[in-house]
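Q: Sequence plus the predicted model coming up.
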Amino acid sequence: MDNILFPEIEFKLESPFTRDEIQVADEQILQSFNCPFCLQLVWNPICCNKCGKTYCKKCLKEYSINRNHYRHCIFKCGSNNYRNMTNKEKEFIDCIKLKCRNNGCNKFINYLDYKSHFKNCDYRLYQCYHDNCGKEVPFCNFRDHVNNCEWRDINCPKCHKVIIFNSIDAHKQNDCLEEIVKCDICGEEMRRIDYINIHKPNYVECIKKITLINYKEIMEYKKELIKQQEINKNMENIINQNKIKINENEKNIKLLMEENESLKKKNKENEKIIEQCKLLMQNDNNKLGNKNISDALSLTINNENQKKENQNLNFNYISPNFLLNKRKRNNYSNIDDN
């Protein structure tokens with residue numbers, strides 16, 4: 001990689017520089033170097049030998065097409081002779097800075113240094129030299145791209161044959177002589193070169209091996225099959241026993257459900273009887289309450305009558321002492337009257 005020779009790049013102006021790509025301190029300098037044909041900043045400037053007006057060399061050639069010499073200056077100075085810029089004119093135009101058009105650079109370069117910068121810019125593009133790639137890569141990333149390009153040549157790690165990097169899987173699968181492969185008939189694993197040179201020409205031996213292997217495998221398979229059949233029979237017996245138990249359990253569940261329904265009906269009947277008993281008890285309590293009330297009323301009436309009788313008795317009763325005293329008073333009164 002260190003010996004790569006990078007071709008020299010020549011800058012070709014594909015389109016005039018826009019105002020955003022130009023930096024200048026004095027706008028008059030920029031106006032004095034505008035081409036009168038394209039009305040843009042001159043490129044490869046050439047000046048009229050008499051009046052000093054500046055043109056793009058390309059524009060002047062197109063203006064003078066089909067002629068063996070340049071046409072007269074369009075500013076009507078009468079001259080058809082043109083020259084390169086003087087050192088003084090170069091100093092003025094070098095005050096203009098142009099933006100590098102390499103993607104990723106974006107530096108502003110003095111007008112006269114622009115071409116040399118473009119040739120040596122770290123972001124100038126180079127085309128990858130690997131076959132079938134052709135990708136354009138910036139100079140600063142070119143070495144990394146070449147070293148890691150999917151179309152680069154590498155040596156197979158097993159057979160050391162030169163191959164393209166992105167075809168290594170296909171090479172291992174189809175071509176690599178040191179790759180381990182398996183025989184389609186007997187399944188034996190070996191190097192591809194041994195399979196091609198030794199194993200494949202002796203297919204008869206390969207078939208004998210496979211027949212012996214197949215016979216052994218068949219006998220082992222029969223033994224395994226018999227074991228599996230016995231296991232299946234045992235499983236079937238267990239399944240049948242479980243089915244019988246399940247049927248018995250289902251019958252028991254049905255009986256329990258029927259008993260449960262009958263118990264529910266009895267509970268409902270008992271609830272009705274209980275409610276009827278409650279109503280009877282309430283009626284009896286009401287009757288007893290009314291009887292007690294009537295008895296209490298009769299007792300109170302009897303008590304009141306008794307009290308009245310007692311009062312009457314108390315009113316009619318006169319004690320003997322009272323009667324004796326009354327007689328005494330009457331006797332005294334009679335004496336006084338006499």
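A: Good, I have the coordinates.

Q: SS state for C206?
A: Under DSSP: H, G, I helix; E, B strand; the rest coil, C206 falls in the helix class.

Q: isn't it right up against G187?
A: No - taking C-beta atoms under 8 Å as the definition, C206 is not a contact partner of G187, at 10.0 Å. Quick note: C-beta positions are derived from backbone N, CA and C, even for glycine.

Q: who has more neighbours, those two?
A: C206 (18 against 11; other C-beta atoms under 10 Å).

Q: check contacts around the more buried one.
A: Residues touching C206, when contacts are defined by C-beta atoms under 8 Å, 6 or more residues apart in numbering, comprise C183, I185, C186, E188, H199.

Q: Look up how far Y221 lies from it.
A: Summarising the geometry, the distance separating C206 from Y221, computed by C-beta to C-beta, to the nearest Å, is 22 Å.

Q: Can I get the buried part of the contacts of C206 as one PyMOL selection?
A: Buried residues among these (16 or more other C-beta atoms under 10 Å), as a PyMOL selection:
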select buried, resi 183+186+199
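
Q: For K233, state which of the contacts of C206 is nearest.
A: Proximity of the contacts of C206 to K233, judged by C-beta to C-beta, is greatest for C186, which lies at 36.6 Å.

Q: element containing the closest one, please.
A: Assigned by DSSP states H and E, C186 belongs to no helix or strand.

Q: All the strands of the stretch 51-200 of the chain, residue numbers only.
A: Using DSSP state E, counting those that start in this stretch, the strands of the stretch 51-200 of the chain run over residues 54-56, 82-83, 97-99, 108-110, 125-127, 136-138, 153-155, 162-164, 180-182, 189-191.

Q: most packed of the ones you listed?
A: Mean neighbour count (mean count of other C-beta atoms under 10 Å) peaks for strand 54-56 among the strands of the stretch 51-200 of the chain, with a mean of 22.

Q: So which other helices or strands are in contact with that strand?
A: strand 45-48 (3 or more C-beta pairs under 8 Å, 6 or more residues apart in numbering; DSSP states H and E).

Q: Among the contacts of C206, name the least confidently predicted one.
A: For these, the least confident position by pLDDT is I185, scoring 71.

Q: Any regions of the chain where pLDDT drops low?
A: The chain contains residues with pLDDT under 70 at 1-10, 66-68, 203, 207-218, 284-338.

Q: Give me the buried positions along stretch 231-239.
A: Buried residues in stretch 231-239, counted by 16+ other C-beta under 10 Å: none are found.

Q: hey, what's Q23 bridged with?
A: K97 (DSSP bridges).

Q: Turn the strands of the stretch 51-200 of the chain into a markdown table, columns for distance to E236.
A: Shown next, in a markdown table, are the strands of the stretch 51-200 of the chain (distance: least, C-beta to C-beta, whole Å):
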| stretch | distance to E236 |
| --- | --- |
| strand 54-56 | 101 |
| strand 82-83 | 111 |
| strand 97-99 | 89 |
| strand 108-110 | 92 |
| strand 125-127 | 77 |
| strand 136-138 | 73 |
| strand 153-155 | 63 |
| strand 162-164 | 61 |
| strand 180-182 | 41 |
| strand 189-191 | 43 |
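
Q: Of those, give the one that comes closest to S262.
A: strand 180-182 (75.4 Å).

Q: What's the local residue count around the nearest residue in space to V137 that is not next to it in sequence?
A: Across the structure, with C-beta to C-beta, 6 or more residues apart in numbering as the measure, the residue nearest V137 apart from its sequence neighbours is H145 (4.5 Å). Applying the criterion other C-beta under 10 Å, we find 17 residues in the vicinity of H145.

Q: how about H145, what does it touch?
A: Residues C128, K135, V137 are the ones in contact with H145 under the rule C-beta under 8 Å, 6+ apart.

Q: For the residue nearest to the first one when sequence neighbours are not counted, give its distance to R152.
A: Excluding the flanking residues, the one nearest C128 by C-beta to C-beta, 6+ apart is K135, at 4.8 Å. Using C-beta to C-beta, K135 is found at 12 Å from R152.

Q: Go ahead and confirm V24 touches I93.
A: No - the pair formed by V24 and I93 falls short of the contact definition of C-beta under 8 Å, at 9.9 Å.

Q: Relative to K161, how far out is the nearest residue to Y129 once chain neighbours are set aside?
A: On the basis of C-beta to C-beta, 6+ apart, the spatially nearest residue to Y129 that is not a chain neighbour turns out to be V146, at 7.5 Å. Distance of V146 to K161, given as C-beta to C-beta: 21 Å.

Q: Kindly report the same for C277.
A: To K161, C277 is 109 Å away according to C-beta to C-beta.
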